[in-house]
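**Q** Got a sequence here, can you build the structure:
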Amino acid sequence: MSNFIYSINATLPIFLLILLGKVLYKSHIVGKDFIAGADRYVFYVALPALVFKDLTENEIGTRFDGGYVLFCFLSTLFSILAIWGLTELFMKNESQKGAFIQASYRSSAALLGLAFIDNMYNGAGMAPLMIIGAVPLYNIFAVIILTIKGKNDGARPDLRKTFVSICKNPILIGIFVALPFAFFNIRLPAPLSKSVSYLAGSASPLALLSIGAGFEGRKAIKKIKPTLLASFIKLFALCGLLLPPAIYFGYRNQELVGILIMLGSPSTVSCYIMAKNTKNDDILTSSIIVLTTLLSSVSLTMWIYILRSIGYL
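**A** Numbers count the residues shown, from 1 in each chain. Now for the predicted structure:
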């Protein structure tokens, strides 16, 4: 019950901010210019600051576990390639493919992982290492997939343009800038560290307000089938497929919860920002974010209950 209450406490503020965004838009307090500006700010400034903060504040260098990072890396790579391949085979609507693939694999690992594990174990544990193994792949493949599907409409991709887009991705830049600080425990001066924290703290609220303000319910309902399928993959299928190998390799407690968050947490709000900035289906993306967030309080609690019942947490 305590985990269910925590899950509700973690997801309810997300819905309240989405709802507030819609209320502000309907009240004409914010408009389309706000949505566009907030999307650009979150994409280029706040999300890179958030990733930098998460990676540099948890002393990764003192407890680096290469095997754990490799498992997270390979699990994420398998998830992405499997979802991409199956989507290409079975989904007919080309315009939805990029948004569907991204939102089906890309978790709120950085946003939710550290807080969730800290709540259960009074410490971040292996979550920062999970972020190293998963988040760079999330972003690299998101840029590749969204560039191919959004801008080329399924035509042969421009490899040079795709490579340049990857190198210029602000979130990836934030990760690579953070790695030396994280591994060598280099601390920023206090004023600069505080400024980065302020920027990082603005990422989720602004992204959620933007989702709420731009959410179009009637259009979203028309895309309920891919929304339901992506939500099932995100919250249930990946966990059911990849948690058993994690248990087989001996991961328990904080390590196992980190993998659970990597696989089964709701689709991250940055999916919406990236889909919109690459001219992919932002309506489908926002629908998946809303539904996975709504259901995750139940699904995560279910997985934790199962893992505790069989003695692995």
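**Q** same for the helix or strand harbouring L50, what does it pack against?
**A** Element membership of L50, judged by DSSP states H and E, is helix 47-56. Applying 3 or more C-beta pairs under 8 Å, 6 or more residues apart in numbering; DSSP states H and E, one finds that helix 47-56 contacts helix 127-146, helix 170-183, helix 190-201, helix 203-214. The way it works is simple: take the backbone N, C-alpha and C, and place the C-beta from them, glycine included.
**Q** and of those helices, who's closest to G240?
**A** Set against G240 and scored by C-beta to C-beta, the helices and strands packed on helix 47-56 come closest in helix 127-146, at 18.0 Å.
**Q** now that closest one: mean pLDDT?
**A** The pLDDT scores in helix 127-146 average 84.
**Q** what inclination does that helix have with respect to helix 170-183?
**A** If you take axes from the mean of the first three to the mean of the last three C-alpha atoms, to 10 degrees, helix 127-146 sits at 160 degrees to helix 170-183.
**Q** Next, the buried residues of the next helix or strand after helix 127-146.
**A** Of the helices and strands lying after helix 127-146 in sequence (DSSP H and E), the nearest is helix 159-168. Buried residues in helix 159-168, counted by 16 or more other C-beta atoms under 10 Å: 162, 165-166.
**Q** Also stretch 138-146?
**A** Using 16+ other C-beta under 10 Å as the test for burial, stretch 138-146 gives 138-146.
**Q** and if you look at stretch 238-245?
**A** 238-239, 242-243.
**Q** same for the top helix by length along the chain, what does it pack against?
**A** Counting residues, the longest helix found in the chain (DSSP state H) is helix 282-309. Packed against helix 282-309, as judged by 3+ C-beta pairs under 8 Å, 6+ apart, are the following elements: helix 2-26, helix 94-105, helix 203-214, helix 217-221, helix 224-232, helix 238-248, helix 253-264, helix 270-277.
**Q** Residues contacting stretch 79-88, please?
**A** 97, 100-101, 104-105, 137, 141, 145, 233, 238, 242, 263 (C-beta atoms under 8 Å, 6 or more residues apart in numbering).
**Q** Count the neighbours of the closest residue to V45 other than its chain neighbours for me.
**A** Leaving aside its chain neighbours, V45 sits nearest to L199 (6.1 Å; criterion: C-beta to C-beta, 6 or more residues apart in numbering). Other residues within reach of L199, judged by other C-beta atoms under 10 Å, total 18.
**Q** For L199, give me the pLDDT.
**A** pLDDT at L199 comes out at 93.
**Q** Same question for K151.
**A** 63.
**Q** Give me the distance between I131 and S107.
**A** I131 sits 10 Å away from S107, going by C-beta to C-beta, to the nearest Å.
**Q** residue ranges with poor pLDDT in this protein?
**A** 1-4, 6-11, 58-63, 110-126, 151-158 (pLDDT under 70).
**Q** hang on, the earlier thing: for L47, state which of the buried residues of stretch 138-146 is nearest.
**A** Once C-beta to C-beta is applied, the member of the buried residues of stretch 138-146 that ends up nearest L47 is N139, at 9.4 Å.
**Q** Against I80, how distant is the closest one?
**A** 11 Å.
**Q** likewise D281?
**A** Applying C-beta to C-beta, the value for D281 to I80 is 18 Å.
**Q** Report the contact partners of V69.
**A** So V69 contacts 129-130, 132-133 (C-beta under 8 Å, 6+ apart).
**Q** Sorry, slip of the keys, the one I care about is P180.
**A** P180 neighbours (C-beta under 8 Å, 6+ apart): I186.
**Q** ditto for V135
**A** Here V135 is in contact with 51, 109-110, 171, 175 (C-beta under 8 Å, 6+ apart).
**Q** list the contacts for the residue nearest to V45?
**A** Residues in contact with L199 (C-beta under 8 Å, 6+ apart) are 45-46, 49-50.
**Q** among the contacts of V69, who's most crowded?
**A** Busiest of the contacts of V69 [other C-beta under 10 Å] is M130, holding 32 neighbours.
**Q** doesn't D65 make contact with it?
**A** No. Checked against C-beta atoms under 8 Å, the pair M130 and D65 is beyond contact range at 10.2 Å.
**Q** need the contact list for the closest residue to P266 other than its chain neighbours.
**A** Using C-beta to C-beta, 6+ apart and skipping residues adjacent in sequence, the residue nearest P266 is T292, 3.7 Å away. Neighbouring residues of T292 by C-beta under 8 Å, 6+ apart: 103, 230-231, 234-235, 266-267.
**Q** please redo it, this time with the cut-off set to 6 Å
**A** Neighbouring residues of T292 by C-beta atoms under 6 Å, 6 or more residues apart in numbering: 231, 234-235, 266-267.
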